[in-house]
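# 3D, please:
(one chain, ligands or ions: 2)
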Amino acid sequence: MKITDAKVILTCPGRNFVTLKIITDQGVYGLGDATLNGMEKAVVAFLESYCIPALIGKDPRNTEDIWHYFYRGVYWKRGSVTLTAISAIDMALWDIKGKALNTPLYNLIGGKSRDRVMVYAHANGKDLNDTLEKVAREKEKGFLAIRVQSGIPGISDAYGVAKDSKFYEPAHKGLPNVEQWDTSKYLNYLPYLFGKVRETFGTDLHLLHDAHHRLTPVEAARLAKELEPHHLFWLEDPVTGELQEGLRLIRKQSSTPIAIGEVFNTIYDYTTLITEQLIDYIRMPLVHGGGITHMKKVADFASVYHIQTGFHGATDLSPVNLAAAIHFNMAINNFGIQEYMPHQEIVHEVFKINYRFKDGFLSVDDTPGIGVDIDEEKASRYPYEMACLPVNRKTDGTMFYW
Ligand code: EZ4
Ligand code: CO
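Numbering: from 1, shown residues only. Ligands and ions are numbered 1, 2, ... in the order given. Here you go, the predicted structure:
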């Protein structure tokens with residue numbers, strides 16, 4: 001079997017998606033997600049200028065060797081752009097493998113460890129009452145786990161709050177919007193917010209929260225400790241993950257479970273966090289973490305340390321990634337939870353999906369490979385539109401983490 005051609009499909013059905021399509025001499029093709037929010041064209045350039053020419057003529061069944069060709073073989077290592085391109089290649093090759101063997105992806109990486117995967121929804125409210133309403137709405141849809149974000153009193157444009165009431169999408173057309181931040185207002189409000197959520201919805205509902213990289217270790221320790229009585233499923237990205245040692249301080253102070261790493265891209269971002277058991281959930285998704293080949297190693301490594309998966313799954317990750325993630329989550333033993341933000345309907349004009357939501361869980365059907373297809377003619381009707389993630393400043397103007 002040989003790779004004869006590959007191409008990148010860049011489309012914007014409501015938001016930008018990059019998809020790699022690898023074509024073989026046996027009529028079988030595979031799809032991989034290569035979307036990196038706001039940096040789409042950087043990944044496209046790497047794929048088109050280097051990866052695609054280098055793929056032609058290779059045997060697509062050699063997923064391990066091809067992974068190392070693009071990781072170990074390339075001198076400039078790591079980084080989101082490089083690893084997103086490698087992820088797309090790897091995903092597309094596993095899609096081909098499944099189709100060629102006429103079996104769904106999960107059968108190639110361990111078979112079914114479960115029939116369906118628990119997902120969490122998003123409640124993004126502009127204030128306390130709006131947030132409680134949004135939680136009620138998601139619970140009504142059948143979700144058993146809900147991430148709760150809320151506008152912070154005294155802060156305009158906080159992270160995680162929808163501009164219109166329909167859905168939350170952080171990237172905006174053109175150059176970055178400037179959002180605002182005040183750590184002390186946030187820290188004062190959060191325990192109160194979660195107290196109200198627990199009071200309203202009881203103890204059964206799994207609650208999650210994303211601090212979005214904004215706290216120092218000691219601030220994060222205070223938050224984790226004060227949220228402890230509300231038994232969060234997890235507190236996400238309490239500190240920026242660049243300093244892995246920073247998590248030690250939080251761990252010493254609190255038993256609130258920690259999820260980290262949606263911006264990570266290799267196993268080396270996780271070594272201290274995993275071996276010192278400083279976290280509980282891996283956030284790095286297939287699309288940014290080197291695809292199935294690399295993430296299987298990360299998940300297996302994490303499993304030795306009692307750490308589970310909780311992959312990033314926002315709307316800026318395409319249906320190809322989501323379907324691949326469901327297969328992956330079905331197969332591994334140490335699955336924890338999967339983020340699920342449903343795409344807008346228009347996205348499903350372009351991507352034909354094989355997964356469905358029911359009673360708080362996602363499942364895939366038994367279509368061979370990953371099981372998602374792309375309608376290239378429809379994709380061409382929605383050309384790329386520049387859009388960026390926001391930047392963030394403290395109320396005194398200081399540039400801060402978004
Ligand atoms: O900021 O997907 O947990 N989810 C998140 C997301 C990310 C966006 C970045 O593209 O933190 O909202
Ligand atoms: Co996050």
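# which element is Leu278 on?
Of the helices and strands defined by DSSP states H and E, none includes Leu278.
# burial count for it?
Around Leu278 there are 22 other residues, counting by other C-beta atoms under 10 Å. All C-beta atoms are positioned from the backbone trio N, CA, C, and that covers glycine.
# phi, psi for Gly369 please.
phi 70, psi -150 (degrees, to the nearest 10).
# that one against Asn102, yeah?
No. Look at Gly369 against Asn102 with C-beta atoms under 8 Å: they stay out of range, at 9.1 Å.
# quick one, which of those two is more surrounded?
Gly369 (29 against 9).
# beta partners of that one?
Pro104 (DSSP bridges).
# contact residues of the stretch 251-400 of the chain facing ligand 1?
The interface of the stretch 251-400 of the chain toward ligand 1, taken as C-beta under 6 Å from any ligand atom, is made up of Glu262, His312, Ala314, Asp316, Leu389.
# please indicate which of these are buried?
Glu262, His312, Ala314, Asp316, Leu389 (16 or more other C-beta atoms under 10 Å).
# and ligand 2, which of those residues reach it?
Glu262 (C-beta under 5 Å from the ion).
# closest to Ala34 out of the buried ones among the residues of the stretch 251-400 of the chain next to ligand 1?
Closest to Ala34 out of these is Asp316 (12.0 Å), distances taken as C-beta to C-beta.
# measure that closest one to ligand 2 for me?
11 Å (C-beta to the ion, to the nearest Å).
# assign a three-state SS to that residue, would you?
The three-state label given to Asp316 by DSSP: H, G, I helix; E, B strand; the rest coil is coil.
# and if you look at Val8?
strand.
# quick one: contacts for the closest residue to ligand 1 within the stretch 201-350 of the chain?
Residue nearest to ligand 1 within the stretch 201-350 of the chain: Ala314 (3.3 Å; C-beta to the nearest ligand atom). By C-beta atoms under 8 Å, 6 or more residues apart in numbering, the residues touching Ala314 are Pro170, Glu339, Met341.
# what about the strands in the stretch 51-200 of the chain?
117-125, 145-150, 172-173, 178-181 (DSSP state E, counting those that start in this stretch).
# mind checking those for the one nearest to ligand 2?
Nearest of those to ligand 2, taken as C-beta to the ion: strand 145-150 at 8.7 Å.
# now the closest one and strand 117-125, what's the angle there?
20 degrees (axes from the mean of the first three to the mean of the last three C-alpha atoms, to 10 degrees).
# who touches strand 145-150?
By C-beta under 8 Å, 6+ apart, strand 145-150 touches 118-128, 130-131, 135, 138-139, 158-161, 189, 193-194, 197, 205-210, 233, 236, 337, 339, 360.
# show me what from this protein comes close to ligand 2.
Contact residues (C-beta under 5 Å from the ion) of the chain with ligand 2: Asp210, Glu262.
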